[in-house]
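Novice: Prediction below, plus the sequence it came from.
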Amino acid sequence: MKRHPLYGLMAEFNTTDDLLSAAHRTYAEGYRQMDAFTPFPVEGLAEAIGFHKTRVPLICLIGGLVGCSGGFFLQWWPSVIGYPLNIGGKPYNSWPSFIPITFELTVLCAGLATVFGMLALNGLPTPYHPVFNAPRFELATRNKFFLCIKARDAKFDAQKTREFLQTLNPREVSEIEV
Amino acid sequence: MGADGLQNTPASGASAPVLAPGHTYATITDKISAIVLLQKTRRGWWFGFAIAFILFMVLNVAIGYLLIVGVGIWGINIPVGWGFAIVNFVWWIGIGHAGTLISAFLLLMRQAWRQSINRFAEAMTLFAVSSAGLFPLLHMGRPWLFFWLLPYPDTMGTWPQFRSPLVWDVFAVSTYATISLLFWFVGLIPDLATLRDRAKDRLPRMVYGFLAMGWRGSAMHWHRYEMAYLLLAGLATPLVVSVHTVVSFDFTLAVIPGWHSTIFPPYFVAGAIYSGFAMVLTLAIPIRKFYGLEDFVTLRHLDNMAKILMATGLIVAYGYMMETFMAFYSGNTYDRYMILNRMTGPYAPVYWSLILCNIVIPLGTLWSSKIRRNVAALFVISLVVQTGMWLERFVIVVTSLHRDFLPSSWGMYSPTRWDWATYLGSIGLFFTLFLLFIRYLPMISIFEMRGLAHELGEKKK
């Protein structure tokens, strides 16, 4: 008898091909709230479970633009407005000499934005997640591949979904508690 | 067992596999994580760590004495205002560049052989940049005022000199250190999760679990992760070129002969990659032997790295030839004297050792695939190249400073024991950090090796 509410059902597979075909069939069957877990990135898997566009490149671009404009402005303002120094009549806005720092700050801000944006979009750090309760889940970081269908999916039914997962040729199907 | 050792083995050198056959995701994971989690710390590690730590303590004494007494304890004088500190700074930063190149550039070039060496190469970069960063701070007359180089709102109403390469260095090296750290740590996250799941004892599980931030290998997470990793690689590649270019600007923006030269940016970057790959070889060869990783860091990797050494060595040799040629061709008295002084003046033995170590020995040997397959020879050659690159920085800094335009200003420079102590101490710092890294973190990227095994398996189908 269940003591905790159900988070979902987890199917364990032995190879990436099994997981990929299982993911495609699950998606075709109409399930949308699902996730797959692998020890290394598998090409095509994210698309198979319905995940397409990531916003990480946009975040990187925005970070880069902020760094670039900020870096240039950081040098331009003191040299032209805040503390201009007349050195032999040379131009205050000596923009070629501002390029190295502008470039470095572009890269720095783009990099920081990319990393922290990626972590934020992934919701990391997440100290606890129900899937860690799945049996043998520690093998997801070793050599086994998992597919999870979440209980909050519209088509989820404890019995029918379990039967469906069994048809996908998994090594094991198990329930995960929240 | 792996494809290693005998020169007569057919599968060696360029035809050796990138990953020795017979490995599965499980064996890869278990082998690499066992080094961190299961094996007792070996005696060899303790021995190396003891030496490194002693040198690190020498560094601390040298820094302490420097802060109390001042830069007069070093051999610098007028005219040679820059000595070992700048030589060591440029040497260490140069070494760091290979790690970023392996991680970032070879990723963009889709080179599969990068997978097993990139983790410890990136760690090497991080620790090299740490050692490097000490020297610009210490060489200041008042190091405790280093923060004046940063553009913070101060009570004096002044700003740093943004038009100065010394300030550009601050931004370049800080950016490089930060991006290297981010790149390295992001690459570690899935492996920290692996260690969290493999650890038997509570403390390692908690520490690795904390650092892994709850990574679970979700496909959606991997998708964003790969995108972020690719973007970082794309950012890090031009960064590498720009950082050593900015370091070369420390010299080129001055006016003295031998420094004020447009060849420096590409010549320095090539030289950095040269010394960096030499350091990667110096580290890879003992590690693979000592920890039994010949299946992952195969002879193919060593062969490829030796080829890169050859290529960058040729670029460096071209740089020297052009410098010499242009000095004479220009007809400029001062430039001509600068080259003649390097070749025949008081520092001539240093100059000719430089030519021997950087050009004659490596370029005379690395063309031969037999030598490239000889692991001991590669190790010796890598040390020779690193020595040569240090001598190159010494020649650039000291020979141009000690005799420039006006003969009445000429002088000599000789290092003091505190110069040597600080230099050897920085090597101690580097190896202390590196040994701690190989003890407590996976020195080969586990998830990337699994991915490589997967790719190679796919190709066979």
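Specialist: Sure, I can see it.
Novice: Domains in chain A, by residue range?
Specialist: A:6-53+A:129-177, A:56-122 (automatic domain parsing).
Novice: what stretches of chain B score poorly on pLDDT?
Specialist: B:1-13, B:459-461 (pLDDT under 70).
Novice: contacting residues around the residue nearest the centre of chain A?
Specialist: Central residue of chain A (C-alpha atoms, centre = their mean): residue A:122, 4.3 Å from the mean position. By C-beta atoms under 8 Å, 6 or more residues apart in numbering or on different chains, the residues touching residue A:122 are B:218, B:220, B:221, B:224, B:225. No exception for glycine: its C-beta is placed from N, CA and C like everyone else's.
Novice: how near is the nearest residue to residue B:87 once chain neighbours are set aside to residue B:250?
Specialist: If the residues on either side of it in the chain are set aside, residue B:87 comes closest to residue B:393, at 4.4 Å by C-beta to C-beta, 6 or more residues apart in numbering or on different chains. Using C-beta to C-beta, to the nearest Å, residue B:393 is found at 11 Å from residue B:250.
Novice: any common contacting residues for the two?
Specialist: The contact sets of residue B:393 and residue B:250 overlap at residue B:86 (C-beta under 8 Å, 6+ apart).
Novice: ok, which stretches of chain A are helices?
Specialist: Here chain A has its helices, by DSSP state H, at A:16-29, A:45-48, A:56-77, A:95-122, A:158-166.
Novice: What's the mean pLDDT across the last one?
Specialist: By that I understand helix A:158-166. Over the span of helix A:158-166, the pLDDT mean works out to 88.
Novice: Need the three-state assignment for the residue nearest to residue A:51 when sequence neighbours are not counted.
Specialist: Take residue A:51 and drop its neighbours on the chain: the residue closest to it by C-beta to C-beta, 6+ apart is residue B:220, 4.8 Å away. Following DSSP: H, G, I helix; E, B strand; the rest coil, the label given to residue B:220 is helix.
Novice: Identify the residues contacting residue B:220.
Specialist: Applying C-beta under 8 Å, 6+ apart, we find residue B:220 in contact with A:35, A:46, A:49, A:51, A:122.
Novice: Comparing the domains of chain A by mean pLDDT, which bottoms out?
Specialist: Among the domains of chain A, domain A:6-53+A:129-177 scores lowest, at a mean of 89.
Novice: returning to what we had before: can you give the contact residues for the helix or strand where the residue nearest to residue B:87 lies?
Specialist: Residue B:393 belongs to helix B:375-394 when elements are defined using DSSP states H and E. With contact meaning C-beta under 8 Å, 6+ apart, helix B:375-394 is reached by B:86-87, B:90-91, B:94-95, B:271, B:274-275, B:278-279, B:281-282, B:285-286, B:289, B:299, B:302, B:306, B:309, B:313, B:316, B:350, B:353-354, B:356-359, B:361-362, B:365-366, B:371-372.
Novice: what's downstream of that helix, the next helix or strand?
Specialist: Next element after helix B:375-394 (DSSP H and E): helix B:400-402.
Novice: who's in contact with that following helix?
Specialist: So helix B:400-402 is contacted by B:79-82, B:251, B:256-259, B:338, B:346-347, B:410-413 (C-beta under 8 Å, 6+ apart).
Novice: What is the neighbour count of residue 123?
Specialist: No chain was given, so I picked chain A. 13 (other C-beta atoms under 10 Å in any protein chain shown).
Novice: switch to chain B, that's the one I care about
Specialist: By the criterion of other C-beta under 10 Å, residue B:123 has 22 neighbours.
Novice: Could you measure from it over to residue B:180?
Specialist: Distance of residue B:123 to residue B:180, given as C-beta to C-beta: 9 Å.
Novice: Same check on residue B:391?
Specialist: 26 Å.
Novice: Also residue B:93?
Specialist: Distance from residue B:93 to residue B:180, by C-beta to C-beta: 11 Å.
Novice: next one: residue A:33
Specialist: 39 Å.
Novice: repeat for residue B:303
Specialist: Relative to residue B:180, and taking C-beta to C-beta, residue B:303 is found at 26 Å.
Novice: sorry, back to before: ok, which of the domains of chain A comes nearest residue B:231?
Specialist: In terms of C-beta to C-beta, the element of these nearest to residue B:231 is domain A:56-122, at 4.8 Å.
Novice: what does the stretch 51-200 of chain B have sitting close to chain A?
Specialist: Proximity of the stretch 51-200 of chain B to chain A (C-beta under 8 Å from any C-beta of the partner chain) is limited to residues B:151, B:157-159, B:162-163, B:165, B:167-168, B:171-172, B:174-175, B:178-179, B:182-183, B:186, B:189-190, B:193-194, B:196-198.
Novice: are any of the contacts of helix B:375-394 buried, and which?
Specialist: For those, a burial check counting by 16 or more other C-beta atoms under 10 Å in any protein chain shown picks out B:86-87, B:90-91, B:94-95, B:271, B:274-275, B:278-279, B:281-282, B:285, B:299, B:302, B:306, B:309, B:313, B:316, B:350, B:354, B:356-359, B:361-362, B:365-366, B:372.
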